[in-house]
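>>> Following is a predicted model, sequence given first.
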Amino acid sequence: MKRKAFIIFILLIVVLSTLMTGCKKKIEEKIVENIIEESTGGEVDISNDTTTIKTEKGETKVGGDIKWPNGKMGNLPELKANVTMFVEDYDKDRDVTLGMVYFENLKNDDANKYVELIKELKYESVFETSGEDGFIYSGKNVDGSEVVFSWNDDGSGSLSYADNPFMFVDNPYDSDYEDSPSSEEVDMTDEVPWPKEFFNDVPEIEGKITQVNSSSPQDKFVYIEYVTKDTALDYMNKLKDSGFIESPSESQAGDYLYYEATNDKGDYIVFDWSDSEYATINFLKGE
């Protein structure tokens, strides 16, 4: 089931929720639920200032202070922060479960302690960078699970967990392997469209777009699969050609690529890629 752009119903929730007062609240909540259900094909529930959307591919929660999603972030401990959004996505084709938490009000000391907890859980560093505005830590354990933790100096950030056992199957491309890509052609049709109007002149990357999320009207987080290393390297150069050359940070390890920078408009972009041919683009518009 293909998803409609996530920003549509997030904005709808924000706008209409401001109108929900008195005895009309329950009626208007039901109207919003019906609109979102028609747009996403999922089940929607609005209660206690939290909106929950359930589809065949997972669950999304949006609100002011959401409970920690126990059991859906692997063995990662709970953050000492206000969770404002949780996204769960399950890819049946690749047997991958992804969980992502957006948060706010996480203190600097607690953020640094959390990185140490991640390391204690044997998520060895794949990439890490830090600066005056915050940091990013990406790690992977021996089972193939991956963690990406980002924190900004205003206390906001995100934490993602991906369970990807496929990466560590012996000889996955062997002709006897029942899920061998050589015996089954991959459907490269995007599950959601590239948000062209939001990205303006930012180039689209070649691959299969599986999800587009937003935590505010100013940002987009795009997930792309089946991205080759050559494509990722070429995309990093395209970002530079598009003007993302201010305050750059770049890393090219054997199995991981990372690039972040801003342009003269104040737009900020983060692009990363791993050897699982999985890439993400995080784009934040300048004020």
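Perfect, thanks for sending it. Keep in mind the model is a prediction, meaning the values are calculated, not measured.
>>> use CA for all of it now, contacts and neighbours both
OK.
>>> okay, now the residue lying closest to E250 once chain neighbours are set aside: neighbour count?
Once flanking residues are discounted, E250 sits nearest to Y259: 4.5 Å by Cα to Cα, 6 or more residues apart in numbering. Residues within reach of Y259, counting by other Cα atoms under 10 Å, total 22.
>>> Could I get the buried residue list for the helix or strand that F86 is a member of?
Using DSSP states H and E, F86 falls within strand 82-91. By 16 or more other Cα atoms under 10 Å, the buried positions in strand 82-91 come out as N82, V83, T84, M85, F86, V87, E88, D89, Y90.
>>> on that earlier part again, beta partners for the residue nearest to E250?
Y259 has these beta-bridge partners by DSSP bridges: E250, F271.
>>> show me what contacts it?
M236, P248, S249, E250, S251, V270, F271, D272 (Cα atoms under 8 Å, 6 or more residues apart in numbering).
>>> Buried subset of those as a ChimeraX selection?
Under the burial definition 16+ other Cα under 10 Å, those of the contacts of Y259 that qualify are selected in ChimeraX by:
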select :236,270,271,272
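>>> any chance of the contacts of Y259 in JSON lines, with distance to M73 too?
As requested, those are exported to JSON lines (distance: Cα to Cα, whole Å):
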{"residue": "M236", "distance to M73": "30"}
{"residue": "P248", "distance to M73": "31"}
{"residue": "S249", "distance to M73": "28"}
{"residue": "E250", "distance to M73": "28"}
{"residue": "S251", "distance to M73": "26"}
{"residue": "V270", "distance to M73": "22"}
{"residue": "F271", "distance to M73": "22"}
{"residue": "D272", "distance to M73": "21"}
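>>> which two from the contacts of Y259 end up farthest apart in space?
Of all pairs drawn from these, the greatest distance, 13.4 Å, lies between P248 and D272 (Cα to Cα).
>>> Tell me how many other residues surround the residue nearest to Q218 when sequence neighbours are not counted.
Excluding its sequence neighbours, the residue lying closest to Q218 (Cα to Cα, 6+ apart) is K285, at 5.3 Å. Neighbourhood size, K285 [other Cα under 10 Å]: 17.
>>> any idea where the helices of the stretch 1-150 of the chain begin and end?
6-17, 25-40, 108-120 (DSSP state H, counting those that start in this stretch).
>>> Mind telling me which of these the model trusts least?
Per-stretch mean pLDDT for the helices of the stretch 1-150 of the chain is lowest at helix 6-17 (a mean of 43).
>>> returning to that earlier point: now the two most distant members of the buried residues of strand 82-91.
Within the buried residues of strand 82-91, N82 and Y90 form the most distant pair, 24.3 Å apart (Cα to Cα).
>>> residues contacting Y278?
Y278 sits in contact with Y223, I224, E225, Y226, V227, where contact means Cα under 8 Å, 6+ apart.
>>> could you redo the last one with a cut-off of 6 Å?
I224, E225 (Cα atoms under 6 Å, 6 or more residues apart in numbering).
>>> how much space between it and G286?
For Y278, the distance to G286 (Cα to Cα, to the nearest Å) stands at 26 Å.
>>> can you check S138 too?
With Cα to Cα as the criterion, S138 and G286 are 25 Å apart.
>>> The two: who's more crowded?
S138 (20 against 13).
>>> my guess is that one meets T129, correct?
No. Here S138 does not reach T129: they are 9.2 Å apart, not a contact under Cα atoms under 6 Å.
>>> Report pLDDT for S175.
So, for S175, pLDDT stands at 38.
>>> correction: G266
For G266, the pLDDT comes out at 84.
>>> Out of the contacts of Y259, which one has the lowest pLDDT?
S251 (76).
>>> so what's it closest to, chain neighbours aside?
Once flanking residues are discounted, S251 sits nearest to Y258: 5.1 Å by Cα to Cα, 6+ apart.
>>> That neighbour and K113: what is the separation?
Distance from Y258 to K113, by Cα to Cα: 24 Å.
>>> Compare those two and say which one has the larger neighbour count.
The neighbour comparison of Y258 against K113 (other Cα under 10 Å) goes to Y258, with 21 against 12.
>>> Make sure that one is actually in contact with P248.
No. Using Cα under 6 Å as the test, Y258 is too far from P248 to be in contact (10.5 Å).
>>> helices or strands next to the helix or strand harbouring I209 in the packing?
Assigned by DSSP H and E, I209 belongs to strand 208-213. Counting contacts by 3 or more Cα pairs under 6 Å, 6 or more residues apart in numbering; DSSP states H and E, strand 208-213 packs against strand 219-225.
>>> Thank you kindly, that will do.
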